[in-house]
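[1] Sequence and computational prediction follow.
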Amino acid sequence: MNNTSLLFLEKQKQEWLKKYGLDSKSILSFRAKIKQATKEVQESLGEELLKLISKKSFQDDYEKALELIYRGANIEFKNEKKGDFPLLICARKNYVKTFFALIKAGANVNQTNNYLTTATMASARHGNKEILQTLILLNADINARCLDGDNAIMSAKRHEQVECFQMLVNAQAYLNNQNLQNQTLFDLPGNIEINPFLLEDYSIPEPDPSVLLEEAQLKLIKIKNDR
């Protein structure tokens, strides 16, 4: 890719981020409104924020979530059962306004729940294109693997999210991934046609499967010990 193309892509990226208030000036202005709070208050408000977003009746009620964020809520707060957290739920439910508020507040785009699921995987699985595109532009790890070894593009394939699948292809997601059942994209259900030539054009060298299995087992042990 030549310098002109790279400059064009960077311009597109900056325009997208500015559209959603994710440029550096907007982020600084947003974070200046967040109050300093004690650890105890942060955790209490964080739990309240997570419960609010988790309610079926929430429906992206941005103002209520915003109030808790400004009061200093811990935006990375996790529940005990699954380890879900606000950004993941927003990516899953397509709560776009609240998602962007969390990003502006400094949410970790690569945070995982107890199953190693990321917001990128959730948005790809549920076809939430705006959120997925933003995560890609924010350099979220699009090749992270959940506990069963699937990555985001495999989630998109399984659930026939064609546009999300193509977004991840364009972002040069790793296409040769094997999950813990030794399945690749070609083995998964889902009516999405895959051009086999993409494997040569987009994929990085395939890692050693035994190393991936060992990593997954170690992560599972750590999760069990942390409970």
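    Looks like it came in fine.

[2] Identify each buried residue in stretch 154-164, please.
    Using 16 or more other C-beta atoms under 10 Å as the test for burial, stretch 154-164 gives 154-159, 161, 164. Just so you know, the C-beta spots here come from the backbone N, C-alpha and C atoms, and that holds for glycine as well.

[3] my bad, stretch 76-88
    For stretch 76-88, using 16+ other C-beta under 10 Å, the buried residues are 76-78, 83-88.

[4] Quick one: the residues you listed as a markdown table, columns for distance to N176 too.
    As requested, the buried residues of stretch 76-88 are exported to a markdown table (distance: C-beta to C-beta, whole Å):
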| residue | distance to N176 |
| --- | --- |
| E76 | 32 |
| F77 | 36 |
| K78 | 31 |
| G83 | 28 |
| D84 | 29 |
| F85 | 30 |
| P86 | 33 |
| L87 | 28 |
| L88 | 26 |
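
[5] nearest to A65, of those?
    Nearest to A65 out of these is P86 (C-beta to C-beta; 7.9 Å).

[6] List the contacts of the closest one.
    49-50, 53, 65, 75-77, 98, 102, 107 (C-beta atoms under 8 Å, 6 or more residues apart in numbering).

[7] same question, I153
    124, 142, 165, 168-169, 173-175, 177, 185.

[8] Just the buried ones among these, please.
    Using 16+ other C-beta under 10 Å, the buried members of the contacts of I153 are 124, 142, 165, 168-169, 173-175, 177, 185.

[9] low-scoring stretches of this protein, by residue?
    1-8, 196-227 (pLDDT under 70).

[10] How is it divided into domains?
    Using automatic domain parsing, the domain ranges for the chain come out as 19-108, 110-227.

[11] Just the buried positions in stretch 29-41, please.
    For stretch 29-41, the buried set under the neighbour-count rule, 16+ other C-beta under 10 Å, comprises 30, 34, 37.

[12] Which ones among these map onto helices?
    Secondary structure from DSSP state H places F30 of the buried residues of stretch 29-41 in helices.

[13] Is it possible to get CSV of the buried residues of stretch 29-41 that adds distance to Q111?
    Formatted as CSV, the buried residues of stretch 29-41 follow (distance: C-beta to C-beta, whole Å):
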residue, distance to Q111
F30, 19
I34, 18
A37, 20
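
[14] Next, the buried residues of stretch 130-147.
    Neighbour counts over stretch 130-147 (16+ other C-beta under 10 Å) mark 131-137, 140, 142-147 as buried.
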